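Enquirer: A structural model of the following input is requested.
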Amino acid sequence: MKKYIFAAMASAVLYSCGAVSTQNQPVLANTQWQLSDQVKGNQPTLVFENTRVSGNGGCNNYFGDLQADPATGSFSVKGIGATKKMCENIAGETTYFNMLPKANRYRISGSTLELYQNDLLLLKFSKIK
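Expert: All right, here's what the predicted structure looks like:
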């Protein structure tokens with residue numbers, strides 16, 4: 001019986017280590033980030049200003065509405081609008097614009113911002129400012 005209790009406790013500890021903790025996150029307002037992954041063309045950027053996001057998707061400038069709660073790590077970007085320049089890597093930018101509103105949680109660790117859809121890492125950024 002002790003073996004089963006120990007196994008259950010060990011499983012719970014291992015599960016909690018694997019889960020992404022997003023509670024008590026720093027405030028996003030007045031920070032600037034750059035996509036960590038190398039992409040063809042310009043690196044997408046993400047700028048937070050109170051309840052607004054903006055930046056460059058690699059070609060076009062964009063903006064949208066932000067809801068983020070540092071206490072829970074919840075995150076939501078809606079109403080993304082962008083300029084309409086045609087660029088060489090428009091497919092990469094389109095993918096970025098499609099992923100950003102799917103994020104529902106964020107996590108900041110040092111100079112890294114990670115955006116998640118539940119437990120799935122969608123986008124990873126490095127802090128600019």
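Enquirer: rest of the way, CA atoms for contacts and neighbours
Expert: OK.
Enquirer: now the element after the helix or strand where Arg107 lies, going C-ward?
Expert: Under DSSP states H and E, the secondary-structure element containing Arg107 is strand 105-109. Toward the C-terminal end, the helix or strand that comes next after strand 105-109 (DSSP H and E) is strand 112-117.
Enquirer: so for that next one, mean pLDDT?
Expert: The average pLDDT within strand 112-117 is 98.
Enquirer: okay, the angle between that strand and strand 105-109?
Expert: For strand 112-117 against strand 105-109, the angle between stretch directions is 160 degrees (axes from the mean of the first three to the mean of the last three C-alpha atoms, to 10 degrees).
Enquirer: CA atoms of the strand holding Arg107 as CSV?
Expert: Extracted in CSV, the C-alpha atoms of strand 105-109 (Å, rounded to 0.1, in the frame of the first residue of the first chain):
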residue,chain,number,x,y,z
ARG,A,105,-1.8,32.4,-21.4
TYR,A,106,1.5,34.1,-21.0
ARG,A,107,4.7,33.5,-19.0
ILE,A,108,7.7,35.7,-18.5
SER,A,109,10.9,34.2,-17.3
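Enquirer: and it, what does it pack onto?
Expert: If contacts are counted by 3 or more C-alpha pairs under 8 Å, 6 or more residues apart in numbering; DSSP states H and E, strand 105-109 sits against strand 74-82, strand 112-117.
Enquirer: residue boundaries of the helices in the chain?
Expert: Counting by DSSP state H, the chain has these helices, from start to end: 2-18, 90-99.
Enquirer: low-confidence stretches in this structure?
Expert: Screening the chain residue by residue with the criterion pLDDT under 70, one finds the ranges 1-23.
Enquirer: picking up where we left off before, buried deepest among the helices and strands packed on strand 105-109, which one?
Expert: The highest average neighbour count among the helices and strands packed on strand 105-109, using mean count of other C-alpha atoms under 10 Å, belongs to strand 112-117 at a mean of 20.
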